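In: predicted model, plus sequence, below.
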Amino acid sequence: MLPAELIASIPAPFQLLLIGVGALSFARFLFSYLRGLVAIFMLGGTNLRKYGKPGTWAVVTGASDGLGKEFAHQLASKGFNLVLVSRTLSKLETLAAELEEKYSAKGLQVKVVAMDYAQDRAEDYAALAKEIDDLEVAILINNVGQSHSIPVSFLETSPKELQDIVTINCLGTLKTTQVVAPIMARRRKGLILTMGSFAGWTPTPYLATYSGSKAFLQHWSTSLAAELKPQGVDVHLVLSYLITTAMSKIRRSSLMIPNPRNFVKAALGKVGTGSYQTAPSTYTPWWSHALFLWIVEKTVGPMHPITVSINLKMHQDIRKRALRKAEREAKKN
């Protein structure tokens, strides 16, 4: 039977039904496509003034280097006082002095709390709680984190590296939030941004422990967002691919790999613009990361075996290159 004859054999009401279903499916896809493009390239995020006027406080973890240091600079430029939390006191004090001098006209105040998150000491969290107890905290940046030194199979992951990744990324983020969030809940407003990763969005072999820790933060952050929304506190996971930081070991920026300054500017400027993404209370601020994420979510999906196999091959290759580089450097020495 020819296609035209086959179509003619279908009763008219069913033809109309099929046409309607097809039209709705196409309209849904088109709406999703346009919503994604508008969010990625046109929409601005929630104004940070919603969470606190100039002179209110922002707590930044992992603040002495990379993204944390950049978050500190950009929040200070917007008039927020800072509580900087990181491992090395000397780096924190140097950064605090630099910021206070640069933003002296704004009357910037900076407090520092030295904390080695890998040690998981109750007294460190108590010290942080004491430092912020009487402050009007508007923003928390959960930036502290650790990955593997190079891609490595789970069975070859050292017990210390495994322990440190889970302790820092998971327990450190949760315990810091338990200290800071009650202040925001009492104020009935606040913003909590937690740094996520594409490694938590899609399973990443050879970064299995890090990938699992970031996937944990995804579910925790989305759950916390639902809990704190009635109390006026916005919670978002900030998704990113690679950035030129010490953790990524990449020095040159590109369309897919922004530097910390540009990424943090986007992160603070596009808060809450991830409505097109699968995960609630999550946004991907850098445009090329967001476009890549949208394409994967609308095609094979981040959990598909094809996606996982590509990740596996990519990180196996990265490991081989890293080991060859280590061998060359060892021969030189």
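Out: Nice, I can see it.
In: from the contact counts, what lies against the host helix or strand of Ala72?
Out: Assigned by DSSP states H and E, Ala72 belongs to helix 66-77. Helix 66-77 sits against strand 57-61, strand 81-86, helix 89-102, strand 137-142, helix 260-269, with contacts defined as 3 or more C-beta pairs under 8 Å, 6 or more residues apart in numbering; DSSP states H and E. (Glycine included, C-beta is placed from N, CA and C.)
In: so Pro205 versus Gln119, what's the distance?
Out: Distance, Pro205 to Gln119, by C-beta to C-beta, to the nearest Å: 29 Å.
In: those two: which has the busier surroundings?
Out: Set side by side, Pro205 and Gln119 show more neighbours around Pro205, with 17 against 13, by other C-beta atoms under 10 Å.
In: which residue is the nearest non-sequential neighbour of that one?
Out: For Pro205, ignoring the flanking residues on the chain, the nearest one in space by C-beta to C-beta, 6 or more residues apart in numbering is Leu312 at 4.2 Å.
In: surely the one you found is within a helix?
Out: Yes: counting by DSSP: H, G, I helix; E, B strand; the rest coil, Leu312 is located in a helix.
In: check the closest residue to Glu297 other than its chain neighbours and give its pLDDT.
Out: Counting by C-beta to C-beta, 6+ apart, Thr278 is the residue found nearest to Glu297 once chain neighbours are left out, at 5.5 Å. With respect to pLDDT, Thr278 scores 91.
In: can you check Leu43 too?
Out: 82.
In: what's the answer for the one 3 residues further on, then?
Out: Among the per-residue scores, Thr46 shows a pLDDT of 96.
In: quick one, what contacts it?
Out: Thr46 makes contacts with 191, 234, 271-272, as judged by C-beta atoms under 8 Å, 6 or more residues apart in numbering.
In: of those, closest to Leu323?
Out: Taking C-beta to C-beta as the measure, Leu323 lies nearest Val271 of those, at 39.9 Å.
In: and that closest one, how many residues sit next to it?
Out: Val271, neighbours per other C-beta under 10 Å, totals 22.
In: ok, and the closest non-adjacent residue to it?
Out: Gly45 (3.8 Å).
In: strands of the stretch 151-300 of the chain, start to end?
Out: 190-195, 233-238, 282-283 (DSSP state E, counting those that start in this stretch).
In: out of these, nearest to Ile168?
Out: Short answer: strand 190-195, nearest of the strands of the stretch 151-300 of the chain by C-beta to C-beta, at 11.8 Å.
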